[in-house]
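Enquirer: compute the structure for the input listed below.
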Amino acid sequence: MTTPGKMGTSTLAAYAAAAFVWYWFAERFDFVCDDAFISYRYSHHLAEGAGLVYNTARAVPVEGYSNFLWVVCLSLFERLGFDVSVAACHTSKVCGLLLLLGTMRLAEQRLRIGVGGLAATGLFLASLPAFGLWSTGGLATMPQALAIFGVLYALHGSEDGPRILPAVTCATLATLLRADGVGYLGLILAATLVGSAADSVLRQRMRAAVAVTAAATATVFIAHAVWRHGYYGEWVPNTAQIKAEFSSERLYRGLLYISSFFMALPAVLVAIGIGTQRWREGPTQLLLAAAALVVGSFGYCVWVGGDFMPFGRFLVPALPAVALLFAWGLSRLAPKPAWALTLLCILSSGLEAYDRGPAPEALRRPLHFRSDRKFQTEVARWEEMKRNVAAWDLWGRAVARHTAPGESIILGGMGAIGFRTSELTVYDTYGLVTPEVGAHTTPQEGASPGHDVRVQNDFFLRPEILGELPSRPTYLGAQVGLARPLPAGEPAPEWLLTPFPDEAYIQNLSDHLSKDFGVRLEVLTHPLETDDGFPESSALNLLRLHYD
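Expert: Coordinates of the predicted model:
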């Protein structure tokens with residue numbers, strides 16, 4: 001028999017081991033995605049007193065973010081003098097660690113899994129690449145996941161009954177952190193209400209807690225919607241309005257998204273399979289709520305058509321519930337099969353984190369859902385995003401140095417570039433902060449999730465569009481390239497995403513703009529100095545527009 005003292009030491013060791021593995025993968029995937037810089041620009045303007053706006057020149061602001069509370073919190077960091085990008089990543093990591101430890105604690109308290117099961121549960125969750133990667137990224141993904149889990153924990157963490165105040169607090173945070181938070185909460189509350197406790201008094205207390213939490217969630221959601229309409233003139237964020245309209249193609253893409261996720265992380269499928277066995281023998285309300293969160297998250301991803309970012313970002317709020325199902329299923333197995341299954345799950349997840357997952361490419365390719373680009377593994381997608389944002393941050397700093405406040409520029413990837421050029425008005429080709437795009441275009445076929453609506457740069461030069469913009473675009477675009485020809489055989493530097501268009505391309509573009517829009521194009525080349533932190537032999541090329 002194990003003494004209480006040794007049991008305490010063993011339990012602490014289980015938590016520490018899981019935390020170490022989580023830290024390993026969080027550091028392995030440490031990055032900031034380009035979309036995070038959109039929120040950073042909003043928070044920067046809010047901290048400066050300009051309000052929750054992306055472009056200060058617009059008479060009516062546009063809600064080009066979907067994470068209200070996250071933007072507000074980041075503005076507080078900026079007001080205190082912190083680097084907003086660093087603060088966002090550290091905050092996300094803290095939330096990831098708390099979520100890992102909270103999941104283990106809930107499993108320990110309610111599932112009676114013992115120290116071995118506790119360690120297995122923690123290592124299972126910590127080794128999932130999706131969990132480690134989205135503990136960074138700079139978005140509200142992990143804070144929102146923690147808030148959603150907080151509701152689950154507050155309702156089901158104690159056998160003595162729910163805790164209403166923590167449930168309401170976490171529900172409020174989840175509702176305001178991201179626009180889709182209310183959906184995840186609805187899954188937990190509905191499943192909790194359907195489940196029934198054996199004790200009649202406890203059952204009544206749980207129903208009362210669910211009712212109060214649901215009422216608080218609805219009140220906050222409605223109040224925020226009313227505020228949004230008063231501030232932005234819309235009931236839903238612009239980011240939701242420009243998504244693809246409902247279609248069978250979108251549903252199919254969502255199914256591919258889910259299937260690709262399972263192919264990359266088969267451990268998740270294993271956890272669901274064993275976790276739903278003999279669930280009536282355990283805390284049924286907790287297990288039912290966890291299962292509803294998992295299944296509902298999959299349904300949500302199918303409905304919206306998935307997400308272009310790596311490792312199932314929209315499924316992260318469900319991962320703690322997956323771990324709880326894994327813990328329960330594991331406790332129903334004999335020790336040897338349980339540990340064998342745990343090691344297989346950890347090994348497959350760990351290999352996937354280094355692009356060595358068990359599923360061969362021949363099985364993955366048919367599940368390719370990012371239709372506007374070549375097939376990539378999830379690790380390759382992350383590597384490209386990390387490389388791109390470093391280059392775009394370089395572009396943004398260069399553009400900020402060689403443009404003037406009040407000018408405007410047309411951009412596609414407008415995260416890091418837009419953040420570094422916060423004094424410029426940005427017209428983005430995806431319509432995130434430029435509603436004219438969504439108003440005059442329809443979703444494209446064969447696009448990546450979240451990129452269904454897109455226009456070419458010359459869209460903003462159409463007479464009917466120019467009349468709706470706050471100012472005529474000053475620059476058609478920008479690019480940091482080499483200030484010299486690249487000799488044959490010399491590898492291109494990593495920051496050079498694409499070579500600058502040759503003279504023939506520029507001439508054809510200039511002829512097109514002159515003939516179709518009466519606009520003259522001028523290429524302005526500015527050498528970049530290494531003393532200012534720019535790479536050697538780099539230059540900024542700005543496509544200046546002249547309206548003669």
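Enquirer: for the rest of this, base every contact and every neighbour count on C-alpha atoms.
Expert: Will do.
Enquirer: contacts for stretch 445-461?
Expert: Around stretch 445-461, the neighbours that count as contacts under Cα atoms under 8 Å, 6 or more residues apart in numbering are 242-244, 305-308, 369-373, 410-411, 427, 429-431, 437-438, 441-444, 465-466, 473, 476-477, 513, 517.
Enquirer: state the distance from residue 83 to residue 328.
Expert: Per Cα to Cα, to the nearest Å, residue 83 is found 42 Å from residue 328.
Enquirer: my error: substitute residue 319 in the last question.
Expert: Residue 319 is 14 Å from residue 328, by Cα to Cα.
Enquirer: and residue 63, that's in a helix?
Expert: No: using DSSP: H, G, I helix; E, B strand; the rest coil, the assignment for residue 63 is coil, not a helix.
Enquirer: for burial, what's the neighbour tally of it?
Expert: Other residues lying near residue 63 total 26 when counted by other Cα atoms under 10 Å.
Enquirer: which ones are touching it?
Expert: 52, 53, 232, 237, 238, 239, 433.
Enquirer: isn't the third one right up against residue 61?
Expert: Yes: under the contact definition of Cα atoms under 8 Å, residue 232 touches residue 61, with a separation of 5.7 Å.
Enquirer: quick check: domain ranges of this structure?
Expert: 4-30+63-367, 380-546 (automatic domain parsing).
Enquirer: which of these has the highest mean neighbour count?
Expert: With neighbours taken as mean count of other Cα atoms under 10 Å, those reach their highest mean count in domain 4-30+63-367, at a mean of 20.
Enquirer: shaky segments in the protein?
Expert: 1-7, 196-199, 244-245 (pLDDT under 70).
Enquirer: how about the strands in it?
Expert: 408-411, 425-428, 475-482, 520-527, 538-546 (DSSP state E).
Enquirer: any chance of those in a markdown table, plus distance to residue 357?
Expert: Converted to a markdown table, the strands of the chain look like this (distance: least, Cα to Cα, whole Å):
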| stretch | distance to residue 357 |
| --- | --- |
| strand 408-411 | 36 |
| strand 425-428 | 37 |
| strand 475-482 | 36 |
| strand 520-527 | 44 |
| strand 538-546 | 38 |
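Enquirer: and these: which comes nearest residue 313?
Expert: With respect to residue 313, and counting by Cα to Cα, the nearest of these is strand 425-428 at 23.2 Å.
Enquirer: which neighbours does the closest one have in its sheet, and in what orientation?
Expert: strand 408-411 (parallel) (DSSP bridges).
Enquirer: hmm, who's touching the partner strand?
Expert: 424-429, 457, 471-477.
Enquirer: do I have it right that residue 288 meets residue 189?
Expert: No: counting by Cα under 8 Å, residue 288 stays clear of residue 189, with 10.5 Å between them.
Enquirer: mutual contacts of these two, please.
Expert: Joint contacts of residue 288 and residue 189 (Cα under 8 Å, 6+ apart) do not exist.
Enquirer: what comes up buried for stretch 51-64?
Expert: Buried positions in stretch 51-64, judged by neighbour count with 16 or more other Cα atoms under 10 Å: 52, 53, 54, 55, 56, 57, 61, 62, 63, 64.
Enquirer: need the CA coordinates for that stretch. PDB is fine.
Expert: The C-alpha coordinates for stretch 51-64 follow below in PDB (Å, rounded to 0.1, in the frame of the first residue of the first chain):
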ATOM      1  CA  GLY A  51     -10.900  53.500 -30.300                       C
ATOM      2  CA  LEU A  52     -11.500  49.900 -31.500                       C
ATOM      3  CA  VAL A  53     -10.600  50.600 -35.100                       C
ATOM      4  CA  TYR A  54      -8.200  49.200 -37.700                       C
ATOM      5  CA  ASN A  55      -8.200  52.200 -40.000                       C
ATOM      6  CA  THR A  56      -8.500  55.500 -38.200                       C
ATOM      7  CA  ALA A  57      -9.500  57.300 -41.400                       C
ATOM      8  CA  ARG A  58     -12.800  55.500 -41.800                       C
ATOM      9  CA  ALA A  59     -15.900  57.400 -40.600                       C
ATOM     10  CA  VAL A  60     -17.600  54.200 -39.600                       C
ATOM     11  CA  PRO A  61     -15.200  51.600 -38.000                       C
ATOM     12  CA  VAL A  62     -15.100  48.000 -39.100                       C
ATOM     13  CA  GLU A  63     -15.000  45.000 -36.700                       C
ATOM     14  CA  GLY A  64     -12.300  43.000 -38.400                       C
END
